[in-house]
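[1] From the sequence below, what's the structure:
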Amino acid sequence: MENKSNYGWLKFLGYMLIMLTPMMNIAHAQDLTAPISEEEKAQFDVILSPVMKIYNLVKYTASVIAVIALLFAGISYMMSGEDVRKRETSKSMATYTFIGLFIIWAAPYVVTLIIA
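    The predicted structure follows:
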């Protein structure tokens, strides 16, 4: 019975969304060809500064964890002996670690490439 009452509220919210959609203000697009003023650049830098601090913390923390994962993968590869399954697991661990590092370190360059 509880599901029917929840379904009723969901139905009501859907109807309200449909009824109120025409009343919403229409957003106007920003002219992307307009030059950016120095004040806007300074404001953007103020906003971006904490984001870059967090990104750098994540990047360097992930790099330390990746080094530990690579050490573990190398040691387990050397200790695998004749066990093919352990050897393949170690190879895939090292491969995924390198891919993750590449993604983390290349992200700012990709964003710059897309924006510019």
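[2] drop to CA atoms for contacts and neighbour counts, all remaining ones
    Fine.
[3] quick check: longest helix of the chain.
    Counting residues, the longest helix found in the chain (DSSP state H) is helix 38-78.
[4] List the buried residues for the next helix or strand after that helix?
    Counting by DSSP states H and E, the next helix or strand C-terminal to helix 38-78 is helix 84-115. For helix 84-115, burial by neighbour count (16 or more other CA atoms under 10 Å) applies to K86, R87, S90, K91, M93, A94, T97, F98, L101, I104.
[5] Let me know the closest of those to L20.
    Comparing the buried residues of helix 84-115 against L20 with CA to CA places I104 closest, at 42.2 Å.
[6] Distance-wise, check that closest one relative to P22.
    As judged by CA to CA, to the nearest Å, I104 and P22 stand 42 Å apart.
[7] repeat for V110
    38 Å.
[8] A106 now?
    Taking CA to CA, one finds A106 at 43 Å from P22.
[9] for L13, same thing?
    From L13 over to P22 the distance is 15 Å, taken as CA to CA.
[10] Look at those two and report which has more neighbours.
    With neighbours defined as other CA atoms under 10 Å, L13 and P22 compare such that L13 has more, 12 against 9.
[11] Local confidence estimate at the more buried one?
    On pLDDT, L13 comes in at 83.
[12] Equivalent analysis for A34, please.
    78.
[13] Quick check: which element contains it?
    Here A34 is assigned to no helix or strand, by DSSP H and E.
[14] And for it, the neighbour number?
    That count, for A34 with other CA under 10 Å as the rule, works out to 7.
[15] Next: the one 5 residues further on.
    Per other CA under 10 Å, the neighbour tally for E39 reads 9.
[16] What of the one 10 residues further on?
    Using other CA under 10 Å, the number of residues around S49 comes to 11.
[17] what's the distance between it and N56?
    Distance of S49 to N56, computed by CA to CA: 11 Å.
[18] which SSE is W9 in?
    Using DSSP H and E, W9 sits in helix 2-20.
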